[in-house]
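J.: Sequence first, then the predicted structure, then my questions.
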Amino acid sequence: MSDCCETKKGKNLKELNKKIKYFYVDGCHAWLDGIKELHETLVEEGFKPNFEVICITTNEEATQYKFCGSPAIQIDELDIDDMAKYVKNYSMDSCRPYHFEGKSFEFPPMGMIKKKLK
């Protein structure tokens, strides 16, 4: 049986030279699905699924991490959603919709993640 560090073809996955952080707040209904999507995307792209998971517990942490709502992914400290650059008030109080290729999602979709990995 293969582990998480092998692709479906049996090849070893390579390290990604980017720092990935996955943020969520307690009570977010979509955070586990988002982690699964991130994990599957990294493996599909040939990378080891290495990322840090951070639960935002205060508004101070939300400001510190520039957290726009749950769930969120940052790659090299930049939010994967281009719309996040317009957010100026950070809070742990909101769920977050994602819009990609004319569709709405409750967590970052695979296509959006793949685009930002390049």
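T.: Good, I have the coordinates.
J.: What number of residues are in the vicinity of residue 26?
T.: Residue crowding around residue 26 was assessed by other C-beta atoms under 10 Å; the count is 10. For glycine as for every other residue, the C-beta is placed from the backbone atoms N, C-alpha and C.
J.: nope, residue 80 is what I meant
T.: Counted by other C-beta under 10 Å, the residues lying close to residue 80 total 19.
J.: And residue 29, by the same measure?
T.: 11.
J.: measure it to residue 107 for me?
T.: In this structure, residue 29 and residue 107 are 10 Å apart, going by C-beta to C-beta, to the nearest Å.
J.: Check residue 73 too.
T.: Between residue 73 and residue 107 the distance, using C-beta to C-beta, works out to 9 Å.
J.: now residue 31
T.: 7 Å.
J.: For those two, indicate the residue with more neighbours.
T.: residue 107 (27 against 22).
J.: The closest residue to residue 84 other than its chain neighbours and residue 117: what is the separation?
T.: Taking C-beta to C-beta, 6 or more residues apart in numbering, and ignoring the residues beside it in sequence, residue 84 has residue 68 as its nearest neighbour in space, at 4.9 Å. Residue 68 sits 20 Å away from residue 117 when distances are taken as C-beta to C-beta.
J.: Alright, that wraps it up for me.
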